[in-house]
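Novice: pasting a predicted model and its sequence here:
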Amino acid sequence: MNVPTLQTRANSFFDSLDALTHNLSREDQIYIATDISWEQYEQITKDLPERSGYRISYAKGTLTIMSPGRNHEKIKEHISGLLEAYLQEVEIDYYPLGSTTLKVEKKRVGKEPDSCYCIETEKEFPDLAIEVVFSSGGIDSLEIYKNLQIREVWFWQQNELKIYSLDSNKYIELKSSKVLPDLDIKLLTKYIAQPNIRLAIKEFRQKLQK
C-alpha cells in the first residue's frame with residue numbers, strides 16, 4: 001500500500017488540495033499531511049469536495065485522508081445491516097450517526113469512523129464506533145478514539161471482529177461487547193463473513209428469534 005506523506009503548511013496544502021482529491025479516486029488510498037493546524041483541519045473538513053466518500057482523521061497536526069475502496073464499503077454496510085438487525089430484534093433503541101465527524105478541539109483530535117451508533121439514548125458522542133481495516137498507515141485510530149472517549153471500538157480486519165473497550169482511559173481488547181453484552185460476537189462474525197448480505201441478515205434474524 002502506497003502511503004504518500006505530504007509535508008505541508010497552510011497555503012501549500014490548500015494549493016495542492018485539488019490534485020490530492022483527484023488522486024483519492026483510486027481504491028484504498030491513504031494520504032497523510034503534516035503541520036496542519038486545527039483551523040486548517042476544520043476548513044478542510046468543510047471544503048473537501050464530495051467528502052462523503054472520504055474518511056478524515058486528525059491528531060495534533062497530522063491529517064489523514066482515506067478513500068475507501070469498494071470492498072471496504074461493502075463490508076461496512078454489511079456490518080451495519082447486521083448490527084441494526086440485531087438491535088431491532090432485541091428492541092434496543094439506537095441512533096446511527098454514520099461517518100459523522102467526531103472532534104474535540106481541546107485535545108486537537110478528530111475522526112470520521114466508517115459507522116457509529118448511540119445506544120439507547122442519543123448523545124453528543126457515540127457509544128460505539130466501527131472501523132473496517134483494509135490498509136495500513138495513517139494515524140493510530142485508538143489513540144484518537146481514546147481522546148474522544150468513545151466507549152467501544154470495533155475493527156473488522158482479516159475476517160475477524162476485534163473489540164476494544166475503554167477502561168480507565170485505555171482500550172482493552174475483549175471477546176465480547178460491553179456496550180451490547182448479550183450480542184453473540186461469534187455468530188455476528190459468521191454472518192459478516194457471508195457474502196450475500198440479504199441471506200446473511202435473514203438467517204441472522206432467524207437465529208436471534210430462536
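Specialist: Good, I have the coordinates. Residues are numbered from 1 along each chain as shown.

Novice: pLDDT (mean, whole number) over stretch 68-75?
Specialist: Averaged over stretch 68-75, pLDDT sits at 88.

Novice: and stretch 47-56, by the same measure?
Specialist: 69.

Novice: state which strand of this structure is the longest.
Specialist: strand 160-167 (DSSP state E).

Novice: pull the distance from that one to the chain's centre.
Specialist: Here the centre of strand 160-167 is set off from its chain's centre by 13 Å, with Cα atoms, centre = their mean, to the nearest Å.

Novice: beyond it, next helix or strand please.
Specialist: The helix or strand immediately downstream of strand 160-167 is strand 170-174, counting by DSSP states H and E.

Novice: thinking again about what came up before, describe which strands the longest strand of the chain pairs with in its sheet and in which direction.
Specialist: Applying DSSP bridges, strand 160-167 is found paired with strand 152-157 (antiparallel), strand 170-174 (antiparallel).

Novice: domain parsing for this protein?
Specialist: Domain assignment for the chain by automatic domain parsing gives 5-67, 70-209.

Novice: so what's L188 closest to, chain neighbours aside?
Specialist: Using Cβ to Cβ, 6 or more residues apart in numbering and skipping residues adjacent in sequence, the residue nearest L188 is L82, 6.1 Å away. Heads up, the C-betas are built off the backbone N, CA and C, glycines and all.

Novice: show me which positions of the helix or strand containing that neighbour end up buried.
Specialist: Per DSSP H and E, L82 falls inside helix 70-89. Within helix 70-89, the residues that qualify as buried are 72, 75-76, 78-83, 85-87, counting by 16 or more other Cβ atoms under 10 Å.

Novice: quick one: low-confidence ranges for the chain?
Specialist: 1-28, 48-52, 135-139 (pLDDT under 70).

Novice: next SSE downstream of the strand or helix carrying A33?
Specialist: Taking DSSP H and E as the definition, A33 sits inside strand 29-34. Counting by DSSP H and E, the next helix or strand C-terminal to strand 29-34 is helix 38-47.

Novice: using CSV, list the CA coordinates for the next helix-or-strand element following that following helix.
Specialist: Remark: after helix 38-47, the chain's next helix or strand is strand 55-59, criterion DSSP H and E. Coordinates of each C-alpha in strand 55-59 appear next as CSV, following Å, rounded to 0.1, in the frame of the first residue of the first chain:
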residue,chain,number,x,y,z
ARG,A,55,-12.7,9.4,5.9
ILE,A,56,-10.7,12.2,7.5
SER,A,57,-8.7,11.8,10.7
TYR,A,58,-6.7,14.4,12.6
ALA,A,59,-4.3,14.2,15.6
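
Novice: tell me the helices and strands packed up against strand 55-59.
Specialist: helix 38-47, strand 62-67, strand 109-111, helix 141-148 (3 or more Cβ pairs under 8 Å, 6 or more residues apart in numbering; DSSP states H and E).

Novice: go again with 6 Å.
Specialist: For strand 55-59, the helices and strands in contact under the criterion 3 or more Cβ pairs under 6 Å, 6 or more residues apart in numbering; DSSP states H and E are strand 62-67, strand 109-111.
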